[in-house]
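Colleague: this is a predicted model, with the sequence first.
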Amino acid sequence: ANYKERFGFAHLAEDEGALASVWKAQYEEIIPRHLGQLQQQLDASATGWLAGTQGPSIADFFWVPSLMALQKGRSGDADVLKAFPRLEALVGRF
């Protein structure tokens, strides 16, 4: 919902209700769905790293800072990762 005009969503700047619904969907549906998919990737790993490598890969170094930001409340809910214990464990490995 940032940079609305840049990405063709200028109408959201004019309609506060629409903007609120975008944020609500992002925090309540989109982020949890993506975290679920990320946890599935981790569940498929025999090593506990996202790419199934023996040590952390670029995938882990990419995702862990974002997961840490979510733990600090970036999504508006600092507990969002509690539903994804394997992702919390991944963050704990760093």
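Modeller: Sure, I can see it. Residues are numbered from 1 along each chain as shown.

Colleague: could you pull up phi and psi at the residue lying farthest from the centre of the chain?
Modeller: The outermost residue of the chain relative to its centre, with distances by Cα atoms, centre = their mean, is residue 14 at 27.2 Å. The phi/psi pair for residue 14 (degrees, to the nearest 10) reads phi -90, psi -20.

Colleague: so who does it touch?
Modeller: By Cβ atoms under 8 Å, 6 or more residues apart in numbering, no residues touch residue 14. Yep, even glycine has a C-beta here, placed from its N, CA and C like the rest.

Colleague: so how far is residue 23 from it?
Modeller: Residue 14 sits 16 Å away from residue 23, going by Cβ to Cβ, to the nearest Å.

Colleague: then residue 70?
Modeller: 15 Å.

Colleague: more neighbours: those two, which one.
Modeller: A direct count of neighbours by other Cβ atoms under 10 Å for residue 70 and residue 23 places residue 70 higher, at 21 against 13.

Colleague: host element of that one?
Modeller: Per DSSP states H and E, residue 70 falls inside helix 58-71.

Colleague: just the C-alphas of that helix, formatted as PDB.
Modeller: What follows is helix 58-71, C-alpha atoms only, in PDB (Å, rounded to 0.1, in the frame of the first residue of the first chain):
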ATOM      1  CA  ILE A  58      21.200 -16.900   0.500                       C
ATOM      2  CA  ALA A  59      17.500 -17.900   1.000                       C
ATOM      3  CA  ASP A  60      18.000 -18.000   4.800                       C
ATOM      4  CA  PHE A  61      19.900 -14.700   4.800                       C
ATOM      5  CA  PHE A  62      17.200 -13.100   2.700                       C
ATOM      6  CA  TRP A  63      14.200 -14.300   4.800                       C
ATOM      7  CA  VAL A  64      15.500 -14.100   8.400                       C
ATOM      8  CA  PRO A  65      15.700 -10.300   8.600                       C
ATOM      9  CA  SER A  66      12.200 -10.000   7.200                       C
ATOM     10  CA  LEU A  67      11.000 -12.600   9.800                       C
ATOM     11  CA  MET A  68      12.800 -10.600  12.500                       C
ATOM     12  CA  ALA A  69      11.000  -7.500  11.400                       C
ATOM     13  CA  LEU A  70       7.700  -9.300  11.700                       C
ATOM     14  CA  GLN A  71       8.600 -10.400  15.200                       C
END
